[in-house]
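**Q** Sequence plus the predicted model coming up.
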Amino acid sequence: MSSQTITIAAVYESLAHVMDPEIPVLSVVELGMITGVTLDTAAVHIKMIPTFAACPAVGYIQHNIKTVLENELGIAVNVEVDKQEHWHSNRMTAAAREKLEAFGIAPPKVLTGEVSTEIMMEVPCPHCGSGQTYLRSPFGSTLCRAIHFCKACGQVFEQFKPLE
């Protein structure tokens, strides 16, 4: 693809192929990590935000965005962390929430106000749908997850934490 035929839509199509390294069923687009795309004659410029400020995978994700887009679009790509925006769980698409649940991770509830204790405590099981669950630990395998247990099916599961 020449730089004259590259469109913002084509860039987003390529970005949909860049998966999150910790949840490989979700793309950076579905997670709402992309805050800006601009084009000029020499390069594509991407602004992105991590799901957590201290996310250890930021450099890895930036590298993957650059590599995938350069391979697919055939043009130089610059990726920078957007310091003006912060990620919140409402940035996730509905498709991302469905994919999380199918992957066995409880998606965060859509926030309409502040994060409350109830939002972290009342989490349906992604395996059986039961509401008979409890929070085992607010700290999961990554910074963005918490660990829950389902009394109905006996499964331990993670929840993607809601953030505002």
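**A** Good, I have the coordinates.
**Q** Tell me if I'm right that Met120 and Ala146 touch.
**A** Yes - counting by Cβ atoms under 8 Å, Ala146 is a contact partner of Met120 at 6.4 Å. Every residue, glycine included, has its C-beta placed from N, CA and C.
**Q** who has more neighbours, those two?
**A** Set Met120 next to Ala146 and count neighbours by other Cβ atoms under 10 Å: Ala146 wins out with 21 against 17.
**Q** How much space separates that one from Ser27?
**A** In this view, Ala146 and Ser27 are 23 Å apart by Cβ to Cβ, to the nearest Å.
**Q** Assign a three-state SS to Ile65, would you?
**A** Three-state assignment for Ile65 (DSSP: H, G, I helix; E, B strand; the rest coil): helix.
**Q** Tally up the residues packed near it, please.
**A** 23.
**Q** what sits against it?
**A** 15, 18, 28, 46, 48, 77, 79 (Cβ atoms under 8 Å, 6 or more residues apart in numbering).
**Q** This structure: strands as residue ranges?
**A** Listed in chain order, the strands of the chain (DSSP state E) span 34-39, 43-48, 76-81, 105-106, 133-137, 145-150, 156-160.
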